[in-house]
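Novice: Build me a structure from this.
(2 chains)
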Amino acid sequence: GQQLNQSPQSMFIQEGEDVSMNCTSSSIFNTWLWYKQDPGEGPVLLIALYKAGELTSNGRLTAQFGITRKDSFLNISASIPSDVGIYFCAGIDRAGNKLTFGGGTRVLVKP
Amino acid sequence: DAGVIQSPRHEVTEMGQEVTLRCKPISGHNSLFWYRQTMMRGLELLIYFNNNVPIDDSGMPEDRFSAKMPNASFSTLKIQPSEPRDSAVYFCASSFTNNSPLHFGNGTRLTVT
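Specialist: Down below sits the predicted model:
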């Protein structure tokens, strides 16, 4: 079946730093989505991307839909403590079938 | 907009007992999804419905699991009999169509002892 490889699996951030994570797939997707999950809550949609090459921002978050349609990245600029959580990429294939999720990137604060 | 509402938030039960999880999707959404989340497997799709009809239940792990959607505003996921390996967080999500972004509920944390 389809798989999304998300990296890194975890990362430590220091307040003010920029953060990047990405997702790659062996198959083409028509839609890329980025979610954030806080402890005890469900994933919340951050950004949705619908066209190859599309670059979309939501506040300090920026995500891009890769030209090959097989990858996407998410950047967080000037991170703050509340950015900690688990970030998931997700993709919808060309057939418009069910959403496939990446394994998540756990963002933690540097001690 | 109330969002996707799930109940209960937490469920602790003994092995062999029946468990029923409930979900109210966002009004106007035509697709409903049940996911299971564990540390080992991440987010797994169990089943999804379009217009109250089950479309893909290939993710349902065993016959012990069943899901229904009697109307557009309610769905249940039932486990009977429950086993300790069913312990996980179960999420319900809804979307306008099956290929539009999902909106998740806050999940039900199930513990089977």
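Novice: Please work out which residue of chain B is closest to chain A.
Specialist: residue B:104 (3.2 Å; C-beta to the nearest C-beta). Heads up, the C-betas are built off the backbone N, CA and C, glycines and all.
Novice: residue contacts, the residue nearest to that residue when sequence neighbours are not counted?
Specialist: Sequence neighbours aside, residue A:42 is the residue nearest to residue B:104 in space, at 3.2 Å (criterion: C-beta to C-beta, 6 or more residues apart in numbering or on different chains). Residue A:42 makes contact with B:4, B:91, B:93, B:104, B:105, B:106, B:107, according to C-beta atoms under 8 Å, 6 or more residues apart in numbering or on different chains.
Novice: ok, and the third one, which helix or strand is that part of?
Specialist: When elements are defined using DSSP states H and E, residue B:93 is found to belong to strand B:88-95.
Novice: And the helix or strand just after that strand, how far out from the chain middle?
Specialist: Moving toward the C-terminus from strand B:88-95, the next helix or strand (DSSP H and E) is strand B:103-104. Relative to its parent chain, strand B:103-104 has a centroid offset of 11 Å by C-alpha atoms, centre = their mean, to the nearest Å.
Novice: swap in stretch A:54-71?
Specialist: For stretch A:54-71, the distance to the chain centre is 9 Å (C-alpha atoms, centre = their mean).
Novice: what do you get for stretch A:24-35?
Specialist: With C-alpha atoms, centre = their mean, you get 10 Å for stretch A:24-35.
Novice: Name every strand pairing with the helix or strand of chain A with the lowest mean pLDDT and say which way it goes.
Specialist: For chain A, counting by mean pLDDT, DSSP states H and E, strand A:100-101 ranks last in confidence among helices and strands (a mean of 90). Next to strand A:100-101 in the sheet, as set by DSSP bridges, lie strand A:85-93 (antiparallel).
Novice: what's the average pLDDT for the partner strand?
Specialist: Strand A:85-93 shows an average pLDDT of 93 in the prediction.
Novice: In that strand, which residues are buried?
Specialist: A:85, A:86, A:87, A:88, A:89, A:90, A:91, A:92, A:93 (16 or more other C-beta atoms under 10 Å in any protein chain shown).
Novice: Also stretch B:19-36?
Specialist: B:19, B:21-26, B:29-36.
Novice: Just the terminal-to-terminal distance for it.
Specialist: End-to-end span of stretch B:19-36 (C-alpha to C-alpha, to the nearest Å): 14 Å.
Novice: thinking again about what came up before, quick one: list the elements packing against the strand holding residue B:93.
Specialist: strand B:5-7, strand B:19-24, strand B:31-38, strand B:74-79, strand B:103-104, strand B:108-112 (3 or more C-beta pairs under 8 Å, 6 or more residues apart in numbering or on different chains; DSSP states H and E).
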